[in-house]
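S.K.: sequence first, then the predicted structure, then my questions.
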Amino acid sequence: MNILNIHPKPGQGVYVYEFPVRLWHWTIVACIFTLFVTGHYIGKPPQSLTGDPTRLFYFGKLIMAHYTAALILVVAMVCRILWALVGNQVSRQIFILPFWRKQWWRGLGDDIRWYCFLSKSGDIHMGHNPLAQAGMFVCVVAIIFMCLTGLGIYQAKGYSQFFHMFRFMEDLVYWSGGNLLDLVVWHRVGMVILVAFVMIHVYMVIREEIMGRTTMISTMVNGVRLVKATPAEDRADLRAEAEAGDA
């Protein structure tokens with residue numbers, strides 16, 4: 001059964017997000033937050049503290065946290081890509097944009113109008129709506145780009161021969177006429193794109209949770225998407241309950 005074609009009644013739920021997908025989501029949330037904070041201070045180090053550096057080692061711990069979160073993010077992305085091969089239809093939505101379908105483009109326009117307060121109601125989607133699907137696709141591409149540029153910077157430090165396979169990123173930036181510093185700039189540009197995505201994503205989730213017809217936040221916790229009744233349907237249910245009580 002195709003989950004994307006299910007049209008449940010108000011109050012009914014559909015299991016859409018499998019546990020590996022939910023685990024991946026909250027893992028990258030923690031990783032991106034850690035990477036943004038630590039990456040910001042690595043790029044703009046705080047003022048040196050007084051004391052014995054061998055005992056403080058604050059900046060070293062900062063870099064260690066950044067590297068740890070980065071490696072977890074890489075592993076999480078690899079596992080997520082593999083799960084898309086065996087998971088349900090929703091797990092594959094963020095990797096393939098059906099841009100060849102007119103209906104998808106029509107839905108994309110409807111979603112943009114909905115989130116810009118130009119429409120009174122949004123459509124019901126069991127999986128990602130077209131706008132969220134496009135946004136998550138950009139997010140995945142940005143994360144992969146961040147992983148590759150970050151691993152390219154890491155291998156240049158010569159910490160481990162294992163990461164030498166990512167030397168091609170350093171070669172690519174030299175081929176384009178730049179140097180290793182430009183690779184760092186690319187990495188920070190990717191961070192800006194991810195931060196912009198997070199801001200838009202949080203707005204869309206909160207707006208849909210409050211004003212939309214389906215649950216969002218709880219769905220990413222328990223995996224079940226519920227369809228909420230409209231005010232007219234709620235009034236009809238109340239009238240039916242009252243009539244049943246009178247009878």
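M.R.: Looks like it came in fine. Numbers count the residues shown, from 1 in each chain.
S.K.: pull out the buried positions in stretch 75-90.
M.R.: 76-77, 80, 83-84, 88, 90 (16 or more other Cβ atoms under 10 Å). Every residue, glycine included, has its C-beta placed from N, CA and C.
S.K.: of those, which belong to helices?
M.R.: 76-77, 80, 83-84, 90 (DSSP state H).
S.K.: will you turn the buried residues of stretch 75-90 into CSV that also has distance to L194?
M.R.: Formatted as CSV, those follow (distance: Cβ to Cβ, whole Å):
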residue, distance to L194
A76, 14
M77, 13
R80, 16
W83, 21
A84, 20
N88, 26
V90, 22
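S.K.: what are the ranges of the strands in this structure?
M.R.: 13-15, 224-226 (DSSP state E).
S.K.: from D182, how far out is the closest residue to N2 other than its chain neighbours?
M.R.: Excluding the flanking residues, the one nearest N2 by Cβ to Cβ, 6 or more residues apart in numbering is Q89, at 5.8 Å. Taking Cβ to Cβ, to the nearest Å as the measure, Q89 falls 40 Å from D182.
S.K.: next: F162.
M.R.: 24 Å.
S.K.: between these two, who's got more neighbours?
M.R.: D182 (13 against 8; other Cβ atoms under 10 Å).
S.K.: contacts only, for that one.
M.R.: Going by Cβ atoms under 8 Å, 6 or more residues apart in numbering, D182 touches 173, 176.
S.K.: give me the local confidence score for it.
M.R.: pLDDT for D182: 87.
S.K.: could you pull up the mean pLDDT of stretch 9-21?
M.R.: 86.
S.K.: tell me how far the ends of that stretch are from each other?
M.R.: Chord length of stretch 9-21, first to last residue, is 25 Å (Cα to Cα, to the nearest Å).
S.K.: from the middle of its chain, how far away would it be?
M.R.: Here stretch 9-21 is found 18 Å from its chain centre; the criterion is Cα atoms, centre = their mean, to the nearest Å.
S.K.: give the buried residues for that stretch.
M.R.: Neighbour count says stretch 9-21 has 13-14, 16-18, 20-21 buried, by 16+ other Cβ under 10 Å.
S.K.: how about those, which pair is most distant?
M.R.: G13 and P20 (19.4 Å; Cβ to Cβ).
S.K.: so who does L148 touch?
M.R.: 166, 169.
S.K.: no further queries at this time; thank you.
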